[in-house]
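**Q** Mind looking at a prediction? Sequence and model below.
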Amino acid sequence: MITRRCFCSSAPRPWLFVGLGNPGDKYKGTRHNVGFEMIDAFAKAQGIEMNTLNCKAIFGQGFVGDAPLLLAKPQTYMNLSGESSGALAAYYKLPLNRVIVFHDDMDLPCGVLRLQDKGGHGSHNGLKSVIYHFRGNREFARLRIGIGKPPGQMDPKAFLLQKFNASARERIDTALQEGVEGLKLLLLKGLTESARRFNTEQKYKHIRLQTVPT
């Protein structure tokens, strides 16, 4: 078992992966919960059990190669995600350059991913909360998971809480597997190199998807 003490020793600092979403069956499979889904996909691929509660989050820990890793799904509901994220980073004494937040993004086409080293909140309430509980610091990485824009005049809040249709669900399932591979690369090669390679691949995927009906 990984302990807080081992993280403070000469061992490599862990990464903290935080997926944003809402707890409960009511929200399972909705667009706003793809951050949770990415955590679950990665945990399953790496054999990491998400079986404990820590700092208001469903929590798992393990290693990918020699890299220690923490996985968390805050259970505070989306708008208070920072309560859990901030507490975990503080408890394990992690610099924010070892934190990655996974979240839905309406500014990216459905199924397109972006890995970036920092940024704003883009009016995403979960990110607003995370930034607030990181004392206003935005210098943490994000894995943005595209869900597309609401059709017509649809209320964005209603759009976020809807489940995906069949074709969008297929795109998201593919994106989750691509995300798992990108995150594994990150743990082996670091953020800068992995983001460059990963985002280039996703850029060409973006161009292909522009020609395919949603």
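**A** Yep, it's here. Numbers count the residues shown, from 1 in each chain.

**Q** Show me the beta-bridge partners of Gly62.
**A** Leu69 (DSSP bridges).

**Q** check contacts around the residue most central in space within the chain.
**A** In the chain, the C-alpha nearest the mean C-alpha coordinate belongs to Phe102, at 1.4 Å (CA atoms, centre = their mean). Contacts here follow CB atoms under 8 Å, 6 or more residues apart in numbering; on that basis Phe102 touches 17-20, 34-35, 38-39, 142-143, 145, 179. The C-beta positions use only the backbone N, C-alpha and C, and glycine is treated the same way.

**Q** So which of these sit within strands?
**A** Of the positions in these, 17-19, 142-143, 145 sit in strands, assigned by DSSP state E.

**Q** Could you give the average pLDDT over whichever helix in the chain runs longest?
**A** In the chain, taking DSSP state H as the definition, the longest helix is helix 166-189. Averaging pLDDT along helix 166-189 gives 96.

**Q** List the buried residues of that helix.
**A** 168, 171-172, 175-176, 178-180, 182-187 (16 or more other CB atoms under 10 Å).

**Q** what's the next secondary structure element after it?
**A** The helix or strand immediately downstream of helix 166-189 is helix 191-210, counting by DSSP states H and E.

**Q** Pull the distance from that next one to the chain's centre.
**A** For helix 191-210, the separation from the chain centroid amounts to 16 Å (computed by CA atoms, centre = their mean, to the nearest Å).

**Q** Next: stretch 108-118.
**A** The chain centroid and the centroid of stretch 108-118 are separated by 10 Å under CA atoms, centre = their mean.

**Q** That stretch - what's its average pLDDT?
**A** The average pLDDT within stretch 108-118 is 95.

**Q** for stretch 17-37, same thing?
**A** Computed over stretch 17-37, the average pLDDT equals 98.

**Q** could you dump that stretch to PDB, C-alpha only?
**A** The C-alpha coordinates for stretch 17-37 follow below in PDB (Å, rounded to 0.1, in the frame of the first residue of the first chain):
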ATOM      1  CA  PHE A  17      -5.600  12.300 -11.200                       C
ATOM      2  CA  VAL A  18      -8.900  13.900 -10.300                       C
ATOM      3  CA  GLY A  19     -12.000  13.200 -12.400                       C
ATOM      4  CA  LEU A  20     -14.900  15.700 -12.100                       C
ATOM      5  CA  GLY A  21     -18.500  14.600 -12.000                       C
ATOM      6  CA  ASN A  22     -21.600  14.200  -9.800                       C
ATOM      7  CA  PRO A  23     -22.200  11.200  -7.600                       C
ATOM      8  CA  GLY A  24     -25.200   8.900  -7.700                       C
ATOM      9  CA  ASP A  25     -27.000   6.700 -10.300                       C
ATOM     10  CA  LYS A  26     -29.100   9.700 -11.500                       C
ATOM     11  CA  TYR A  27     -26.000  11.300 -13.100                       C
ATOM     12  CA  LYS A  28     -24.200   8.100 -14.300                       C
ATOM     13  CA  GLY A  29     -23.500   8.300 -18.000                       C
ATOM     14  CA  THR A  30     -24.300  12.000 -18.400                       C
ATOM     15  CA  ARG A  31     -22.100  14.400 -20.300                       C
ATOM     16  CA  HIS A  32     -21.100  16.200 -17.100                       C
ATOM     17  CA  ASN A  33     -19.700  12.900 -15.700                       C
ATOM     18  CA  VAL A  34     -17.100  12.000 -18.300                       C
ATOM     19  CA  GLY A  35     -14.300  13.000 -15.800                       C
ATOM     20  CA  PHE A  36     -15.500  10.200 -13.600                       C
ATOM     21  CA  GLU A  37     -15.600   7.800 -16.500                       C
END
